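1. pasting the sequence and the predicted coordinates here, then a few questions.
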Amino acid sequence: MAKDTNFPIYKPVYELLQIVTRLTGKFDKTFKYTLGDKLSQEAVNLAVLVFRAKSSKESITSDMLASVEVIELLCRLSKDLRQIDIKQFSEIVMLTDSIIRKGQCEIITETSLEIRNV
């Protein structure tokens, strides 16, 4: 399993999962079981997608990038509802931007390899 953590996108995805898990545990009861659960589930789903892509040697898919955008949207809503503060939100946005950049690089790399093999 240690080899799987060398996948470039793995580290920021795992960091995001840790942050989201920690923060949603502190949500008000009103939002913890609705918004918090959805946000946590989306972060777990993203980590699973990345792990599966690494394990099966597949490229980063558009599903992963879409999942990142959903997480960003839910975090923005959490900030607007005052469940997370601006500093926490900016930390999450920095991580999601990093994930998107690394994911897009992975897609471009895979596409370039496919073109070369044709």
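-> It's in.

2. check contacts around Thr96.
-> Taking C-beta atoms under 8 Å, 6 or more residues apart in numbering as the definition of contact, the neighbours of Thr96 are Leu16, Val68, Glu69, Ile71, Glu72, Cys75. Using the backbone N, CA and C atoms, a C-beta is placed for each residue, glycine as well.

3. could you redo the last one with a cut-off of 10 Å?
-> Pro12, Val13, Leu16, Leu46, Leu65, Ser67, Val68, Glu69, Ile71, Glu72, Cys75 (C-beta atoms under 10 Å, 6 or more residues apart in numbering).

4. what is the mean pLDDT for the strand or helix carrying the first one?
-> Secondary structure here is read from DSSP states H and E; on that basis Pro12 sits in helix 10-24. For helix 10-24, the mean per-residue pLDDT is 95.

5. next structured bit after that helix?
-> Going down the chain from helix 10-24, the next helix or strand is helix 29-31, by DSSP H and E.

6. buried set for stretch 32-49?
-> Applying a neighbour-count criterion of 16 or more other C-beta atoms under 10 Å, the buried positions in stretch 32-49 are Leu35, Gly36, Lys38, Leu39, Ser40, Glu42, Ala43, Asn45, Leu46, Ala47, Leu49.

7. circling back to that earlier point, which strands or helices does the helix holding Pro12 pack on?
-> When contacts are defined as 3 or more C-beta pairs under 10 Å, 6 or more residues apart in numbering; DSSP states H and E, helix 10-24 sits against helix 37-55, helix 62-80, helix 86-117.

8. repeat that with 6 Å
-> Under the contact criterion of 3 or more C-beta pairs under 6 Å, 6 or more residues apart in numbering; DSSP states H and E, helix 10-24 touches helix 37-55, helix 86-117.

9. who touches the first one?
-> Spelled out, it's helix 37-55. Surrounding helix 37-55, the residues in contact under the criterion C-beta atoms under 6 Å, 6 or more residues apart in numbering are 4, 7, 9-10, 13, 16-17, 20, 24, 60, 64, 67, 70-71, 74.

10. rewinding a little: lowest-confidence one in the buried residues of stretch 32-49?
-> Leu49 (90).

11. tell me how far that one lies from Gly25.
-> With distances defined as C-beta to C-beta, to the nearest Å, the gap from Leu49 to Gly25 amounts to 23 Å.
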